[in-house]
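**Student:** Mind looking at a prediction? Sequence and model below.
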Amino acid sequence: KKPVVLVTQGTAATNAEQLIAPTLKALAGEDILVIAAGVKSGEFAGMDEASANVRLEAFVPFKPLLPHVDLYVTNGGFGGVHHALANGVPILCGGTTEDKPEICNRVSYSGVGINLRTNKPTPEQVYKAVKTVLSEPSYRQRARQLQAELAQHDAPGEAAALLERLADTQRPVV
């Protein structure tokens, strides 16, 4: 099947020219389906219209989409990264604001993806990283390992239990 790449700029840092534009330029015409979430047109990328392999969507619900995605390109927001890993999807990230540098470093360190180390990569940087992640099985394997680890936990239940313990004991929970 044709690889599916989901790209989004995120919720807080939303300048589509930073990450979405270079991704659309890098993958234009490739044998890859590119879904750009959070945008209505390609004008910001200097495109009159998107390449035939690109779908621009103002809103995309990640839960039903991510099981069909082969690579998630993001600025490194916690929610999107966690959603991708919960679905075993490798990540290409580039974020330099808020907590994003730390999250992007963890993506790289854990082997689930590549940190571009910039929030304004060139199309060439994006192209090379996309091709690397899609062609090297270790990224997908490691993302699936983390998916299995995450599936073993009931995060809301565990968090509630820890908060109840804190309330009962009035002592730090470690």
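**Tutor:** Structure's in. What do you need? Residues are numbered from 1 along each chain as shown.
**Student:** use CA for all of it now, contacts and neighbours both
**Tutor:** Fine.
**Student:** what's the helix or strand for Ser41?
**Tutor:** Secondary structure from DSSP states H and E places Ser41 outside every helix and strand.
**Student:** ok, and the closest non-adjacent residue to it?
**Tutor:** With sequence-adjacent residues excluded and distances taken as Cα to Cα, 6 or more residues apart in numbering, Ser41 is closest to Leu56, at 6.5 Å.
**Student:** Might you report the residue contacts of the one you found?
**Tutor:** By Cα atoms under 8 Å, 6 or more residues apart in numbering, Leu56 lies in contact with Ile35, Ala36, Ala37, Gly38, Val39, Lys40, Ser41, Gly42, Ala50.
**Student:** Can you flag the buried ones in those?
**Tutor:** Buried by 16 or more other Cα atoms under 10 Å: Ile35, Ala36, Ala37, Gly38, Val39, Ser41, Gly42, Ala50, out of those.
**Student:** Might one say that the fifth one is in contact with Glu57?
**Tutor:** Think Val39. Yes. When contacts are counted by Cα atoms under 8 Å, Val39 is listed as touching Glu57 (5.5 Å).
**Student:** one step back: would you check which pair of the contacts of Leu56 lies furthest apart?
**Tutor:** Spatial extent of those (Cα to Cα) is set by the pair Gly38 and Ala50 at 14.2 Å.
**Student:** just to revisit the earlier point, tell me the pLDDT of the residue nearest to Ser41.
**Tutor:** Reported pLDDT at Leu56 in the predicted model: 91.
**Student:** Which parts of whichever helix or strand it is part of count as buried, going by neighbours?
**Tutor:** Using DSSP H and E, Leu56 sits within strand 54-57. For strand 54-57, burial by neighbour count (16+ other Cα under 10 Å) applies to Val54, Arg55, Leu56.
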